[in-house]
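Q: Sequence first, predicted model second:
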Amino acid sequence: MSATPHSKDDYDRSQRTRWILSRLVIYSLLVLWAIVCIFPIYWTLTTSFKMAPDVMKGNLIPWWDYVPRWRGWKSLGLSPDTIFNVSTVREEFLKRFFNSVLISVSASALAVMLGSLAAYGLSRFSYRFGFMRNSDISFFFLSQLILPPVVLALPFLVLYRQLALLDSAIGMIFVYTLMVLPIVIWIMRDQFSAIPVELEEAALVDGLSIWGAFLRIIFPLALPGMVAAFILALVLCWNEYFFAALLTSTDAKTLPVMIASQTGSQGINWWSMAALSAAGILPLVMIGVLLEKHIIKGMTAGAVK
């Protein structure tokens, strides 16, 4: 029995209504999730413009619940009326900011370089180390993330004291490289595994060496994954607090340690901490916006072969 035109129209209308409702539910959930994700950044930014009573009352909407002021930024010497004046706090902030940039970028770049070479070897060659094979070695790297950082506190303190690496940028770079190296290896191993081996075999037949095939064929294809691994490592290094507070005191102190130091006997300087946090978040937000295409491409590479 064939459907009448009237029943077909009803069916099409029902399908269209169902599609609209499903889209509405999906986008409503996405908007809700976006609000949940963005709210901490919004709260941090608005708190930097609040006075103490506004912070305690939990006022959220500028010019509605409170009048924004430059209280937090003024305490750092970064407000419009203090930016051109001499400020020891601003100099301290810029020094800690530079330390964070130097240590995080250097450690992330070193981790990507070493991790990419290790991941390439694990994805292309067969290794045997005692009873361990490639899968066991890969899991060994991942297992390093299970170890709580506090367990490494005393060994690192003793080792760094003997090597005179306490409160030094090079010492922090080494620690951060070891911290993010397992994640980089796992990300890049999947990236290299998604690249057909036949490309290297063809390059070797054409006369290239293994290093030549890696640099001229594999490296350009794996570059988006390296960018994604670098960004992830950079975020982890930039936000790291435990080792920065443990192994530094004055010269190599990073921005997270300075942010945490806004607590004192008089309480928490919420406006100063919020201004410092906003200044610390801004570089990561800019990197995420500028490299969004590479991050998404790197994260999705290898998902479909």
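A: Arrived safely, thanks for sending. Remember, it's a predicted structure, so these values are computed and weren't measured experimentally.

Q: other SSEs contacting the helix or strand hosting residue 170?
A: For residue 170, the host element (DSSP states H and E) is helix 169-193. Using 3 or more Cβ pairs under 8 Å, 6 or more residues apart in numbering; DSSP states H and E, the elements in contact with helix 169-193 are helix 88-124, helix 134-143, helix 153-163, helix 219-239, helix 242-247. To be clear about C-beta, it is placed using only N, CA and C from the backbone, and glycine gets the same treatment.

Q: Over the third one, what's the mean pLDDT, rounded is fine.
A: In this case it means helix 153-163. What helix 153-163 shows for mean pLDDT is 89.

Q: now it against helix 169-193, angle please.
A: 120 degrees (axes from the mean of the first three to the mean of the last three Cα atoms, to 10 degrees).

Q: who's in contact with helix 153-163?
A: Contact partners of helix 153-163, identified using Cβ atoms under 8 Å, 6 or more residues apart in numbering, comprise 165, 166, 171, 175, 243, 246, 247.

Q: any chance of the residues you listed in TSV, plus distance to residue 270 and neighbour count?
A: Output for those, formatted as TSV (distance: Cβ to Cβ, whole Å; neighbours: other Cβ atoms under 10 Å):
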residue	distance to residue 270	neighbour count
165	35	19
166	32	19
171	32	21
175	30	22
243	26	20
246	25	19
247	28	21
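
Q: wait, which of these is closest to residue 125?
A: residue 175 (29.0 Å; Cβ to Cβ).

Q: Roughly how far does the residue lying closest to that closest one once chain neighbours are set aside sit from residue 277?
A: Among residues not flanking residue 175 along the chain, residue 243 sits closest, at 5.1 Å (Cβ to Cβ, 6 or more residues apart in numbering). Using Cβ to Cβ, to the nearest Å, residue 243 is found at 19 Å from residue 277.

Q: got any ranges where this structure has weak pLDDT?
A: Applying pLDDT under 70 to the chain flags the ranges 1-11, 264-267, 294-305.

Q: Now with 50, please.
A: 1, 302-305 (pLDDT under 50).

Q: biggest helix in it by residues?
A: helix 5-47 (DSSP state H).

Q: Check which residues of the following helix or strand past that helix are buried.
A: Next helix or strand after helix 5-47 toward the C-terminus (DSSP H and E): helix 52-57. Across helix 52-57, burial judged by 16 or more other Cβ atoms under 10 Å covers 54, 55.

Q: Contacts for helix 52-57, please.
A: 47, 65, 66, 270, 271.

Q: Please save the CA atoms from that helix in PDB.
A: C-alpha atoms of helix 52-57 as PDB (Å, rounded to 0.1, in the frame of the first residue of the first chain):
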ATOM      1  CA  ALA A  52      37.500  43.800  48.400                       C
ATOM      2  CA  PRO A  53      33.700  44.100  49.300                       C
ATOM      3  CA  ASP A  54      32.700  43.200  45.700                       C
ATOM      4  CA  VAL A  55      34.900  40.100  45.900                       C
ATOM      5  CA  MET A  56      33.400  39.000  49.200                       C
ATOM      6  CA  LYS A  57      29.800  39.600  48.000                       C
END
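
Q: Which element is encountered next along the chain beyond it?
A: helix 71-75.

Q: does the closest residue to residue 133 other than its chain neighbours sit in a helix, a strand or a coil?
A: Nearest residue to residue 133 in three dimensions, chain neighbours excluded: residue 127, at 6.9 Å (Cβ to Cβ, 6+ apart). When classified by DSSP: H, G, I helix; E, B strand; the rest coil, residue 127 comes out as coil.
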